[in-house]
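Engineer: Got a predicted structure plus its sequence, pasted below:
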Amino acid sequence: MNKNDLMLIYGSDERAMTEALLTHMNIEAMIGNKDARIALKPNLVVAVRPESGATTHPGILVAIIEHLQKRGYHNISIVESAWVGDSTKEGFRVNGYPEISKKYQVPLIDVKDDEYVKKTVDGITMEVSKTILETDFLINLPVLKGHCQTAMTCALKNMKGCLSDRSKRLFHTLGLHRPIAALNKVRAADLIIVDSLNGDLDFEEGGNPVETNRMFACTDSVLCDSYGASLMGFELRDVPYIGLAEQLGVGSSDLGKANLIQLNEPSEEEPYRPTGRANYLGKHTEANSACSACYGNLIHALKRLDEVSRLKQVKQPICIGQGFKGVHDPGKVGVGICTRGLGKSLPGCPPKALDMIRFIKELND
Ligand code: SF4
């Protein structure tokens, strides 16, 4: 897998999707040495199940462990710490990690109990997990979701779970963006596999999941977050740590140079299932057999418009879904290739939330 590759897959079976990603990227060639110390870094910021939109689906870790162990890799561990005030071990328990650990003989490392090494970048001194620093191949498994302070969280911010609680507090004091970039200069992941199945609309701790039924993988944490931001409808300037990490040489945010490798198409067999508070946004849509990846992007786009008080200016419902294939209605507007017969339509399958925002703004200007 090359540095500018972004590998994307749609579906709802995270184990099968992970296996497909690992096979296509040829992870064996990326890791090399069978004795390599491999760490899996999920997101267990709080002790809740992935259905909440906050935490990594455990099936992703199981698929990686099985894939690697079948190929002779034996030195794998799961490394994580919950946010300050929450118990990592409870997060492990709620998500079935002790059973995974026992079945596959993979140790669980709670970073809160780990030794730390002090590292300084950009004038910021932080205590980083010794286990993470001694890891040969770090696989970051973030959830793409909203965040109340940094707009979104994905690969770069998920590395915060590799810090002591004292350093996490310091990061908040410093406003998060500069320190997150600096941390990734100390140690960025070698591979990122993003759980974007149902990440939360706007909060790190979940409770408001938006089904998008997709996962994507890449090796550049900056590119990964730049892509994630576009899927959620954020401009790069909305998430300053991405640009700051790029300035420190962590990676490239240039999606124009990214090589998107799409392993399958979104399917109406994965229809959007409305959940939680996000549904108030749905009243601005006219959906007919919409794939969840498409509808989820539209929900994120509408949320971004709501945040800047532009939602109330949306004059007519935005059509979306495979049910609009072959429909010719000049009076309606829609997003996605399925709606191309309508009066105005945004191409793409699915279009990114960022493009949807621009399209909807133009419609209503
Ligand atoms: S454009 Fe149509 S087929 Fe493509 S993701 Fe959207 S609803 Fe599905």
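Structural biologist: Okay, I see it. Residues are numbered from 1 along each chain as shown.
Engineer: Show residues contacting the helix or strand hosting Gly243.
Structural biologist: Assigned by DSSP states H and E, Gly243 belongs to helix 240-247. Helix 240-247 is contacted by residues 150, 156-157, 176-178, 180-181, 184-185, 221-222, 225-226, 229, 236-237, 251-253 when judged by Cβ atoms under 8 Å, 6 or more residues apart in numbering. Glycine gets a C-beta too; all of them are placed from N, C-alpha and C.
Engineer: Any idea how far that helix is from the middle of the chain?
Structural biologist: Centre-to-centre, helix 240-247 and its host chain are 17 Å apart (Cα atoms, centre = their mean, to the nearest Å).
Engineer: The helix or strand Ser230 falls within - contacts with which helices or strands?
Structural biologist: Element membership for Ser230, per DSSP H and E: helix 221-232. With contacts taken as 3 or more Cβ pairs under 8 Å, 6 or more residues apart in numbering; DSSP states H and E, helix 221-232 sits against strand 5-10, strand 151-153, helix 155-158, strand 191-196, strand 214-218, helix 240-247, helix 292-307, helix 353-364.
Engineer: Just say which of those is most tucked in.
Structural biologist: helix 155-158 (a mean of 30; mean count of other Cβ atoms under 10 Å).
Engineer: Dump that one to PDB, keeping only the CA atoms.
Structural biologist: Extracted in PDB, the C-alpha atoms of helix 155-158 (Å, rounded to 0.1, in the frame of the first residue of the first chain):
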ATOM      1  CA  ALA A 155      -6.600   8.900  13.200                       C
ATOM      2  CA  LEU A 156      -4.500  11.900  14.500                       C
ATOM      3  CA  LYS A 157      -6.600  12.500  17.600                       C
ATOM      4  CA  ASN A 158      -7.000   8.800  18.400                       C
END
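Engineer: Touching the lowest-mean-pLDDT helix or strand in the chain from outside, list them.
Structural biologist: One helix or strand of the chain scores below all others by mean pLDDT, DSSP states H and E: helix 279-282, with a mean of 82. For helix 279-282, the surrounding residues in contact (Cβ under 8 Å, 6+ apart) are Pro274, Ile299, Leu302, Lys303, Asp306, Leu311.
Engineer: does the residue of the stretch 51-200 of the chain found nearest the ligand have beta-bridge partners, and which?
Structural biologist: Going by Cβ to the nearest ligand atom, the ligand is nearest to Ser196 of the stretch 51-200 of the chain, at 14.1 Å. Here Ser196 sits in beta bridges with Arg214, as judged by DSSP bridges.
Engineer: can you tell me which residues contact it?
Structural biologist: Val143, Leu144, Thr212, Arg214, Met215, Phe216, Gly228, Leu231.
Engineer: what's the answer for Ile31, then?
Structural biologist: By Cβ under 8 Å, 6+ apart, Ile31 lies in contact with Ile38, Leu68, Tyr73, Asp136, Phe137.
Engineer: Give the PyMOL command for selecting the buried subset of these.
Structural biologist: Buried subset of those, written as a PyMOL selection, criterion 16 or more other Cβ atoms under 10 Å:
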select buried, resi 38+68+73+137
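Engineer: For the contacts of Ile31, name the two members farthest from one another.
Structural biologist: Largest separation among the contacts of Ile31 by Cβ to Cβ: Leu68 and Asp136, giving 12.6 Å.
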